[in-house]
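Chemist: This is a predicted model, with the sequence first.
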Amino acid sequence: MAYTLLAGIIIVVALFIVLAAGRLLFKGRWFLGWLRGMSGLLLVVASVLLALAAFDFYSYKQLSKEETIATISFARLDEQRFQVSLVDSDGVERSYELNGDLWQLDARIIKWNRFFAGMGMQPGYRMDRLSGRYYSLEKEHSEQRTVYQLSNSKSVLDMWSWLHEYGQNMSVVDASYGSATYLPMDDGALFSVSLSSTGLVSRPLNERAKEAVEGWQ
């Protein structure tokens with residue numbers, strides 16, 4: 001809800017900028033034409049960028065406490081090849097085929113400073129990738145690995161990537177990458193993936209998954 005509100009506020013600001021740009025470009029006589037024209041065009045560009053940022057933030061979900069963001073189950077198809085069923089927090093199920101012995105789920109996380117957190121802006125997340133890997137380093141380098149992109153930015157402006165790359169010194173917001181620890185794949189195993197303010201945690205949900213983890217450790 002907070003990220004929907006944030007997107008709405010950014011869009012309102014963008015609309016005000018568009019109106020200001022229109023007044024500069026079209027109202028009254030052309031005074032200092034080049035300067036006014038450039039100012040108006042810059043405001044239009046700024047409003048477009050804000051609208052794209054709002055569209056990108058809209059794709060993130062708010063995290064109020066530790067919660068399960070996905071459950072993952074496995075069915076063996078062949079040696080070191082599994083059918084994976086991933087059900088997200090909205091109940092949407094997706095299927096993938098993973099090669100290897102281990103699996104990992106990654107997510108993009110946005111965290112706000114104390115001031116904005118106090119105003120209700122809790123961390124936001126978006127599931128990013130599901131990948132498999134092999135026990136053997138030799139196979140890891142020689143065999144085909146499988147990596148699936150679980151979501152993409154709904155906007156051409158990817159705010160998380162920009163913040164992750166250039167926002168290290170920003171005190172307002174932090175864009176980090178969360179990864180669950182690699183865990184074994186096994187026929188009939190069922191796992192949950194939870195996300196808290198500290199990152200991703202995977203837990204076995206049935207005996208088959210517990211036995212796989214104990215045998216791997």
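Modeler: Perfect, thanks for sending it.

Chemist: Am I right that Thr125 is in contact with Ile109?
Modeler: Careful, residue 125 is Tyr and not Thr. Yes. Judged on Cβ atoms under 8 Å, Tyr125 makes contact with Ile109 at a distance of 5.1 Å. From N, CA and C alone the C-beta is placed, and that goes for glycine too.

Chemist: where do the contact lists of the two overlap?
Modeler: Gly178, Leu195 (Cβ atoms under 8 Å, 6 or more residues apart in numbering).

Chemist: which residues pair with Thr68 across the strands?
Modeler: Per DSSP bridges, the residues bridged to Thr68 are Ser194.

Chemist: in the chain, which helix or strand is least confident?
Modeler: helix 114-118 (a mean of 60; mean pLDDT, DSSP states H and E).

Chemist: neighbouring strands for whichever helix or strand comes after that helix, and are they parallel or not?
Modeler: Where DSSP states H and E defines the elements, the next helix or strand beyond helix 114-118 is strand 124-133. Here strand 124-133 is paired, per DSSP bridges, with strand 61-62 (antiparallel), strand 102-112 (antiparallel), strand 147-149 (antiparallel).

Chemist: List just the one of these that sits closest to Ala212.
Modeler: Closest approach to Ala212 among the strands paired with strand 124-133 is made by strand 102-112 (10.1 Å; Cβ to Cβ).

Chemist: can you list the residues that contact stretch 83-100?
Modeler: By Cβ under 8 Å, 6+ apart, stretch 83-100 touches 61, 67-77, 80-82, 103, 105, 127, 130-134, 139, 143-146, 148, 150, 185.

Chemist: can I assume Ser194 is in contact with Thr68?
Modeler: Yes. Counting by Cβ under 8 Å, Ser194 touches Thr68, with 5.1 Å between them.

Chemist: where do the helices sit along the chain?
Modeler: Secondary structure of the chain (DSSP state H): helices located at 2-26, 33-57, 114-118, 137-142, 159-166, 207-216.

Chemist: Now the weakest link among those helices, please, by mean pLDDT.
Modeler: Mean pLDDT values for the helices of the chain show the minimum at helix 114-118, a mean of 60.

Chemist: how about Gly91, phi and psi?
Modeler: Per-residue torsions, Gly91: phi 80, psi 10 (degrees, to the nearest 10).

Chemist: pLDDT wise, what is it at?
Modeler: At Gly91, pLDDT is 88.

Chemist: do the same with Gln149
Modeler: So, for Gln149, pLDDT stands at 90.

Chemist: any idea how far Gly178 is from the closest residue to it other than its chain neighbours?
Modeler: Residue nearest to Gln149 in three dimensions, not counting chain neighbours: Arg129, with 6.0 Å by Cβ to Cβ, 6 or more residues apart in numbering. As judged by Cβ to Cβ, to the nearest Å, Arg129 and Gly178 stand 11 Å apart.
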